[in-house]
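In: please work out how this folds:
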Amino acid sequence: MAHPKSRISKQRKRKRRTHVKAKAPHVMVCQKTGEPHLYHRAYYHNGALYYKGQVLVEAPEDEDFE
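Out: Model (predicted):
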């Protein structure tokens, strides 16, 4: 089995990993509903499911969403 010839120091390892970090999620505001949501994701607003400003699933009539 292969083994490293010398141990990599903590400082060298951490310098290499400085560019590896979590990015903030892309949040956009719908022009139709004004609701902030994740980019390229469907979202609920007043019980209806929206995607790209269009209603995919209507809100049920028997429940009151507000």
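In: where along this structure do the helices fall?
Out: Assigned by DSSP state H, the chain shows helices spanning 10-16.
In: mean confidence score for stretch 59-66?
Out: Mean per-residue pLDDT for stretch 59-66: 70.
In: tell me the contacts of the residue nearest to the spatial centre of the chain?
Out: Centroid check for the chain by Cα atoms, centre = their mean gives Pro25 as the closest residue, at 4.4 Å. When contacts are counted by Cβ atoms under 8 Å, 6 or more residues apart in numbering, Pro25 touches Leu38, Tyr39. (Each C-beta comes from the backbone N, C-alpha and C, glycine too.)
In: do the same with the one 5 residues further on
Out: By Cβ under 8 Å, 6+ apart, the contact set of Cys30 is Pro36, His37, Tyr43, His45, Tyr50, Gly53.
In: buried subset of those residues as a PyMOL selection?
Out: Per 16 or more other Cβ atoms under 10 Å, the buried members of those correspond to this PyMOL selection:
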select buried, resi 37+45+50
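In: which pair of the contacts of Cys30 spans the longest distance?
Out: Pro36 and Gly53 (13.6 Å; Cβ to Cβ).
In: just to revisit the earlier point, distance check, the residue nearest to the centre of the chain against Ser6.
Out: According to Cβ to Cβ, to the nearest Å, Pro25 and Ser6 sit 40 Å apart.
In: what's the answer for Lys21, then?
Out: 27 Å.
In: repeat for Arg17
Out: Taken as Cβ to Cβ, the span from Arg17 to Ser6 is 19 Å.
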